[in-house]
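*Asks:* Build the 3D model from these lines:
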Amino acid sequence: MRVEELLEEARARLVRLHPREAAEARDRGALLVDIRPEAQRAQEGGIPGALVIERNVLEWRLDPASEWRIPEADSHDREVVVVCSAGYSSSLAAAALQDLGLARATDLIGGFQAWADAGLPTT
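*Replies:* Predicted coordinates:
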């Protein structure tokens, strides 16, 4: 399988959100999770109210059954919107969260770049 096929399979099961939809989800209590590495966040900026959980520990922090979970990861029904820079790795990450039972996990179409381009707040 090629990475493009893996990405296509991941996205086929996600209800992906446009930037304003992701902002609305955050406002109603969804976890907006920025998985970009620190260097990328420093260069591009951040999203106010987003939780920063780098990709390499994402599953451990968001699995409600994990002893290393964050307090906000309190239910498999929790809505989670994953954000990367351009909306590629976030799709794969959201699919991995769905594999853990987080059925409402999804990602931001176009990533942080689309969020900023939409004129939404950044830091």
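*Asks:* Nearest the geometric middle of this structure, what residue?
*Replies:* For the chain, the residue nearest the mean C-alpha position is residue 82 (0.4 Å; CA atoms, centre = their mean).
*Asks:* For this protein, which segments are assigned as helices?
*Replies:* Here the chain has its helices, by DSSP state H, at 3-12, 19-27, 38-44, 58-62, 89-99, 111-117.
*Asks:* Relative to residue 70, which of those helices is closest?
*Replies:* Residue 70 lies closest to helix 58-62 among these, at 5.0 Å (CB to CB). From N, CA and C alone the C-beta is placed, and that goes for glycine too.
*Asks:* elements contacting that closest one?
*Replies:* Helices and strands touching helix 58-62, by 3 or more CB pairs under 8 Å, 6 or more residues apart in numbering; DSSP states H and E, are strand 31-34, helix 89-99.
*Asks:* Could you dump these into CSV with mean neighbour count and mean pLDDT added?
*Replies:* CSV is the format used below for these (neighbours: other CB atoms under 10 Å; pLDDT from 0 to 100):
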stretch, mean neighbour count, mean pLDDT
strand 31-34, 24, 98
helix 89-99, 22, 98
